[in-house]
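sequence? don't have it. structure:
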């Protein structure tokens, strides 16, 4: 009997953990959606230039400099994806944040090239119900590729340590000069 009780307790614990993981994932998705909204506003308004200050804010790569700040530390490709998700699904297609937050952000991002006003509801239902792999497979079967980053490269000078290979974006021999 105690072995059964132990199995019941283990099953209960597993289900409780499962529910908590789902809740945490929803919170994470909401955070990503909210972050995409904030990044969109920051970039659109140009307020990131004010945060960086006069010297850095005027540089051509100021957005990337903003994202690279230690307290922000978001890869430009990640920021771009979060912004695109928010702008497409919420602003353009008009879905409620409460619904979109339930869907994995990589699924939402993969659908960006194929979703439009006519098919958005159908694709969102697919994204809600299919695993990431199954959704990607469905896209491929329909002759569509899940979104991969369309890298927007810019040339920036860097310096790399010959010993430890650390990369920095300023000339270490001239501490006053920022590249």
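Okay, I see it. Since the structure is predicted, the reported quantities are computational estimates derived from the model, not experimental observations.

Any idea which helix or strand in this protein has the lowest mean pLDDT?
In the chain, the helix or strand scored least confidently by mean pLDDT, DSSP states H and E is strand 167-168, which has a mean of 70.

which SS state does residue 60 fall under?
coil (DSSP: H, G, I helix; E, B strand; the rest coil).

What are the boundaries of the strands in this structure?
159-160, 167-168 (DSSP state E).

Dump those strands to CSV, plus mean neighbour count and distance to residue 27.
C-beta coordinates here come from the backbone N, C-alpha and C atoms, glycine included. Below are these laid out as CSV (neighbours: other Cβ atoms under 10 Å; distance: least, Cβ to Cβ, whole Å):
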stretch, mean neighbour count, distance to residue 27
strand 159-160, 12, 38
strand 167-168, 10, 34
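
As CSV, these with distance to residue 50 would be great.
As requested, those are exported to CSV (distance: least, Cβ to Cβ, whole Å):
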stretch, distance to residue 50
strand 159-160, 28
strand 167-168, 25
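
do you know which of the ones you listed lies nearest residue 103?
The closest of these to residue 103 is strand 167-168. By Cβ to Cβ, the value is 35.2 Å.

shaky segments in this structure?
1-5, 30, 145-156, 164-167, 169-170, 175-179 (pLDDT under 70).

Between the strands of the chain, which one is closest to residue 127.
Using Cβ to Cβ, those put strand 167-168 closest to residue 127, at 36.6 Å.

ok so, going back, which among the strands of the chain is found nearest to residue 134?
Nearest of the strands of the chain (Cβ to Cβ): strand 167-168, 38.3 Å.

what's near enough to touch residue 33?
Shown in contact with residue 33 (Cβ atoms under 8 Å, 6 or more residues apart in numbering): 82, 85-86, 90, 97, 100-101, 105.

Please pick the buried ones from those.
Buried members of those, scored by 16 or more other Cβ atoms under 10 Å, are 82, 85-86, 90, 100-101, 105.
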